[in-house]
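Visitor: give the three-dimensional model of this entry:
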Amino acid sequence: MPHLIGYLERISRILNAVLMAVAGLFLVAMMLLACANVAGRGFGIPIKGTFELMGLFGAVVAAFALAGTQMQRQHIAVDVLVRVFPAKIRTILSTLQYLIGSVFFILAAWQTWLLGTNLWRVHELSETLRIVYFPFVYSVSLGCVVIALVLVIELLKVLSGEGERT
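Guide: Numbers count the residues shown, from 1 in each chain. Purely as a prediction, here's the structure:
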C-alpha cells in the first residue's frame with residue numbers, strides 16, 4: 001500500500017501544481033478586470049460583462065484551489081473536542097471524515113460533469129457576453145475530482161496507519 005499511496009501522491013502533487021497555477025492566472029485576470037472596470041467606470045465606460053466574467057472566473061479559482069488547500073491543510077478545522085478522544089476514536093473519525101468527503105466530491109464531480117454535458121448539448125450561453133458555460137462547469141468537475149483524489153489518499157494513509165489523525 002505505501003507504493004500505491006506514493007504513486008497517487010505524486011500524481012496529486014502534479015495535478016495540484018497545474019490547477020493552482022491556472023487558478024492563479026484566473027485570479028490575476030479577475031484582479032485586472034476589476035481594476036479596469038473600476039477605472040473605466042470613473043470615465044463613464046465600464047467593461048461590459050464584468051459581473052459575468054467574475055462569476056465564471058471565480059468558479060474556476062475556487063474549484064482549482066480546493067485540493068491544493070486541502071493538501072496544505074489550510075481549510076478551517078475545529079478539533080477542540082476531537083483532540084481529547086483516544087487515538088482509536090480519532091482514527092475512526094478521520095476515516096469517516098475522509099470517506100464522506102471523498103464520496104461527496106466524487107458525486108459532486110459526477111453531477112457537475114452531467115450538468116456540463118447538458119449545457120454543451122443545448123449550447124447554453126451566458127446572457128451578456130454569450131460565452132459558453134460548459135468549459136467552466138467542466139472545470140468545477142475537474143476540481144472536484146482532484147480534491148476527491150486528495151481525500152482518498154488521506155483515507156488510505158489513515159487506513160494504513162501512516163496518516164495524521166484528526
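Visitor: show me the helices in the protein, by range?
Guide: 2-42, 50-71, 87-121, 134-160 (DSSP state H).
Visitor: okay, the ones you listed in JSON lines with mean neighbour count and distance to Asp79 next?
Guide: The way it works is simple: take the backbone N, C-alpha and C, and place the C-beta from them, glycine included. Shown next, in JSON lines, are the helices of the chain (neighbours: other C-beta atoms under 10 Å; distance: least, C-beta to C-beta, whole Å):
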{"stretch": "helix 2-42", "mean neighbour count": "14", "distance to Asp79": "23"}
{"stretch": "helix 50-71", "mean neighbour count": "19", "distance to Asp79": "15"}
{"stretch": "helix 87-121", "mean neighbour count": "16", "distance to Asp79": "9"}
{"stretch": "helix 134-160", "mean neighbour count": "21", "distance to Asp79": "15"}
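Visitor: nearest to Thr128, out of these?
Guide: Evaluated over the helices of the chain, closeness to Thr128 peaks at helix 50-71, with 5.1 Å, by C-beta to C-beta.
Visitor: so that closest one versus helix 2-42, what angle?
Guide: 150 degrees (axes from the mean of the first three to the mean of the last three C-alpha atoms, to 10 degrees).
Visitor: then helix 50-71 to CSV, C-alphas only?
Guide: Extracted in CSV, the C-alpha atoms of helix 50-71 (Å, rounded to 0.1, in the frame of the first residue of the first chain):
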residue,chain,number,x,y,z
THR,A,50,-17.6,42.1,-15.8
PHE,A,51,-20.0,40.6,-13.4
GLU,A,52,-20.5,37.6,-15.6
LEU,A,53,-16.7,37.0,-16.1
MET,A,54,-16.0,37.5,-12.4
GLY,A,55,-18.5,34.7,-11.6
LEU,A,56,-17.2,32.3,-14.2
PHE,A,57,-13.5,33.0,-13.3
GLY,A,58,-14.3,32.8,-9.6
ALA,A,59,-15.8,29.3,-10.1
VAL,A,60,-12.5,28.2,-11.7
VAL,A,61,-10.4,29.8,-9.0
ALA,A,62,-12.4,28.2,-6.2
ALA,A,63,-12.6,24.7,-7.7
PHE,A,64,-9.0,24.6,-8.7
ALA,A,65,-7.7,25.8,-5.3
LEU,A,66,-9.8,23.3,-3.2
ALA,A,67,-7.4,20.3,-3.5
GLY,A,68,-4.2,22.3,-3.1
THR,A,69,-5.6,24.0,0.0
GLN,A,70,-6.6,20.6,1.4
MET,A,71,-3.1,19.2,0.8
